[in-house]
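Novice: When you get a sec, could you give me coordinates for this:
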Amino acid sequence: MAAAKSTRNDVQSALELAVFAGGRVTRHPLPAEGRVSLGRSTENDVQIGDSSVSRRHAIIHLGPPIAIEDLGSANGTRLRRERSAGPTTKLLELQPEQGKTMELSVGDAVNLGSTLIVILPREGAAGAAPGQGQPIVLDAAMERLYALAERVAGAPITVLLLGETGAGKEVLAEHIHRRSPRAQGPFVRLNCAALSESLLESELFGHERGAFTSAVHAKPGLLETAEKGTVLLDEVGELPPGIQVKLLRVLEDRKVMRVGGLSPRPIDVRFLSATNRDLAAEVKRGAFREDLFFRLNGIALTIPPLRARTSEIAPLARAIADRTASALGRPAPAFAPETLAALEAHRWPGNIRELRNVIERAVVLSGGDTLLPEHLLLDAAAAPPPLEARPVTPPVEARPAAAPAEATAHAGAVPSAEGAGGLRSELDAIERRRIVDALEQCAGNQTQAAALLGMPRRTFVARLSAYGIPRPRKGKPTR
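Specialist: Sure, this is the predicted structure:
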């Protein structure tokens with residue numbers, strides 16, 4: 001999602017927007033209130049790269065109530081809602097006239113042209129429905145970990161969460177917040193690896209008006225907006241040295257100095273941090289301050305990788321499949337026994353994030369009521385064959401959206417393919433697009449893009465070569 005604009009609230013709600021376009025699913029956390037713009041243009045809060053979506057297509061107004069406004073789009077905005085008397089779906093079309101809105105409920109499916117969007121409970125968010133946000137804990141080691149987290153939650157101690165990328169550190173952090181005396185306060189997450197040093201300082205500590213060229217208004221930082229709540233410093237091992245010094249001062253004094261400010265402001269915030277790095281080793285090589293490490297490491301909780309929690313793979317896969325199918329307006333699929341066996345045998349280098357991508361892709365592309373092993377395409381984690389051996393799907397020409405009923409079917413349709421080769425060709429085109437999109441979202445940073453996709457960096461780099469995508473310089477993504 002694009003950077004927050006003045007019409008939006010920086011505090012995330014328990015909701016997210018799922019966008020189903022081009023055979024893939026992207027998620028965008030929603031603010032607690034304000035407006036979120038949707039469209040093809042990069043100026044929107046949520047950019048949707050579908051030719052049937054207008055440059056400025058619609059705005060979601062976050063309430064209560066939640067409503068959607070069409071901005072005079074070319075192909076319209078339509079709401080799919082179940083009739084109370086039976087399973088028949090009716091389409092409520094919002095006339096493309098600016099200022100007209102249509103009220104939405106969580107779970108409603110809306111077509112923007114031929115793209116489907118759904119507002120869902122955010123995964124791992126406080127208040128999310130069971131099976132959609134509550135952690136699935138079945139493994140014995142995970143049960144012990146969560147029991148310890150329950151005890152830690154009630155104390156003001158700082159907590160350092162350790163584990164591989166995608167293992168569930170943010171879910172555990174939110175669980176600690178929900179079980180703490182600060183549960184009614186905000187939970188604010190900052191990805192320390194996603195911002196430059198100057199932006200990171202402004203986001204953390206805020207700035208005063210005139211502090212720099214674009215600072216036309218004073219803005220509180222995340223530490224101030226999390227007052228009486230919890231801050232999660234994700235990827236804390238990526239903090240630049242200058243920010244480490246300032247964060248240490250905040251932890252010691254419990255005061256924050258805005259950029260361009262003259263006096264510090266007191267804050268009441270609990271700190272959690274997470275990293276996939278070995279911070280003790282980073283301290284030894286001088287990349288991380290020892291005093292900050294001791295401040296953050298009040299107690300360390302290590303999350304085992306998914307491959308060590310095989311008893312949780314099947315229930316996690318079912319929960320993800322149910323959620324995806326519901327968003328597509330389909331019944332929940334069953335899993336063939338051999339499909340579950342294949343899932344449990346896989347190594348999952350990208351952990352739960354990789355599992356989510358695999359299951360969502362399988363549900364979107366299968367089109368049936370049972371997921372089979374061939375729908376998983378787990379061999380996609382292996383090194384791809386040379387580029388010249390891989391079929392390329394020609395781009396589809398832009399065309400207007402179909403009629404309402406056709407548009408609804410298209411949003412959950414299965415790409416046509418003749419046999420495994422055709423399906424592989426379709427998926428190659430989808431995966432290439434996802435890689436390019438991830439690079440654009442991460443400003444060309446390959447490590448961040450690989451993490452965003454739940455893919456090991458070595459595999460990600462191999463994909464760049466296989467798909468003929470030039471390896472970008474940092475800050476200069478490629479197409």
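Novice: For the stretch 201-350 of the chain, which segments are assigned as strands?
Specialist: 206-207, 219-220, 230-234, 255-256, 265-266, 270-275, 299-302, 334-335 (DSSP state E, counting those that start in this stretch).
Novice: can you list those in TSV and add distance to Ile352, mean neighbour count and mean pLDDT?
Specialist: Yep, even glycine has a C-beta here, placed from its N, CA and C like the rest. Below are the strands of the stretch 201-350 of the chain laid out as TSV (distance: least, Cβ to Cβ, whole Å; neighbours: other Cβ atoms under 10 Å; pLDDT from 0 to 100):
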stretch	distance to Ile352	mean neighbour count	mean pLDDT
strand 206-207	33	22	82
strand 219-220	33	18	82
strand 230-234	15	23	93
strand 255-256	33	18	92
strand 265-266	37	13	91
strand 270-275	14	25	96
strand 299-302	15	14	96
strand 334-335	17	16	94
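Novice: To Leu161, which of those lies closest?
Specialist: Closest of these to Leu161 is strand 270-275, at 4.1 Å (criterion: Cβ to Cβ).
Novice: List the buried residues for stretch 55-73?
Specialist: Residues 56-62, 66-71, 73 are the ones in stretch 55-73 that count as buried (16 or more other Cβ atoms under 10 Å).
Novice: Just the terminal-to-terminal distance for it.
Specialist: Using Cα to Cα, to the nearest Å, one end of stretch 55-73 lies 8 Å from the other.
Novice: Same question for stretch 147-158.
Specialist: End-to-end distance of stretch 147-158 (Cα to Cα): 17 Å.
Novice: what's the distance between that stretch and the middle of its chain?
Specialist: Distance of stretch 147-158 from its chain centroid, counting by Cα atoms, centre = their mean, to the nearest Å, is 26 Å.
Novice: Likewise for stretch 248-264?
Specialist: Centre-to-centre, stretch 248-264 and its host chain are 30 Å apart (Cα atoms, centre = their mean).
Novice: With just CA atoms, put that stretch into PDB.
Specialist: The C-alpha coordinates for stretch 248-264 follow below in PDB (Å, rounded to 0.1, in the frame of the first residue of the first chain):
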ATOM      1  CA  LEU A 248      18.400   3.500  23.000                       C
ATOM      2  CA  ARG A 249      17.800   7.000  24.500                       C
ATOM      3  CA  VAL A 250      14.100   6.600  24.100                       C
ATOM      4  CA  LEU A 251      14.200   3.200  25.900                       C
ATOM      5  CA  GLU A 252      16.200   4.700  28.700                       C
ATOM      6  CA  ASP A 253      14.400   8.000  29.100                       C
ATOM      7  CA  ARG A 254      10.900   7.100  27.800                       C
ATOM      8  CA  LYS A 255      10.900  10.400  26.000                       C
ATOM      9  CA  VAL A 256      10.900  11.100  22.200                       C
ATOM     10  CA  MET A 257      12.400  14.100  20.400                       C
ATOM     11  CA  ARG A 258      10.700  14.900  17.100                       C
ATOM     12  CA  VAL A 259      12.900  15.700  14.100                       C
ATOM     13  CA  GLY A 260      13.300  19.500  14.300                       C
ATOM     14  CA  GLY A 261      11.900  19.600  17.800                       C
ATOM     15  CA  LEU A 262      13.200  21.600  20.700                       C
ATOM     16  CA  SER A 263      12.000  19.600  23.700                       C
ATOM     17  CA  PRO A 264      11.300  15.900  24.300                       C
END
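Novice: Name the residues of it that are buried.
Specialist: The neighbour-count check on stretch 248-264 (16+ other Cβ under 10 Å) flags Leu248, Val250, Val256, Met257, Arg258, Val259 as buried.
Novice: hmm, back to that, so which of the strands of the stretch 201-350 of the chain is nearest Ala462?
Specialist: With respect to Ala462, and counting by Cβ to Cβ, the nearest of the strands of the stretch 201-350 of the chain is strand 270-275 at 25.3 Å.
Novice: rewinding a little: check the buried residues of stretch 248-264 against Ala281 and report the nearest one.
Specialist: So of the buried residues of stretch 248-264, ranked by how close each gets to Ala281 (Cβ to Cβ), first place is Leu248, at 19.4 Å.
Novice: show me what contacts that closest one?
Specialist: Leu248 is in contact with Arg289, Asp291, Leu292, Arg295, counting by Cβ atoms under 8 Å, 6 or more residues apart in numbering.
Novice: So which helix or strand of the protein has the lowest pLDDT on average?
Specialist: Between all helices and strands in the chain, the lowest mean by mean pLDDT, DSSP states H and E belongs to helix 404-411, at a mean of 32.
Novice: still on that earlier bit, got the buried residues of stretch 248-264 as a markdown table, with distance to Ala194 columns?
Specialist: Output for the buried residues of stretch 248-264, formatted as a markdown table (distance: Cβ to Cβ, whole Å):
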| residue | distance to Ala194 |
| --- | --- |
| Leu248 | 21 |
| Val250 | 20 |
| Val256 | 20 |
| Met257 | 23 |
| Arg258 | 21 |
| Val259 | 18 |
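Novice: picking that back up, to Pro470, which of the strands of the stretch 201-350 of the chain lies closest?
Specialist: Proximity of the strands of the stretch 201-350 of the chain to Pro470 was assessed by Cβ to Cβ; the nearest stretch is strand 230-234, lying at 29.0 Å.
Novice: Spell out the residue ranges of the helices in the stretch 301-450 of the chain.
Specialist: With helices called from DSSP state H, counting those that start in this stretch, the stretch 301-450 of the chain shows them at 310-327, 337-345, 351-366, 373-376, 404-411, 419-441, 446-452.
Novice: Compare these and say which comes out lowest on pLDDT.
Specialist: In terms of average pLDDT, helix 404-411 trails the rest of the helices of the stretch 301-450 of the chain, at a mean of 32.
Novice: And stretch 223-233, end to end?
Specialist: End-to-end distance for stretch 223-233: 10 Å, by Cα to Cα.
Novice: Could you chop this structure up by domain?
Specialist: Following automatic domain parsing, one gets these domains for the chain: 12-121, 140-303, 307-381, 387-406+415-466.
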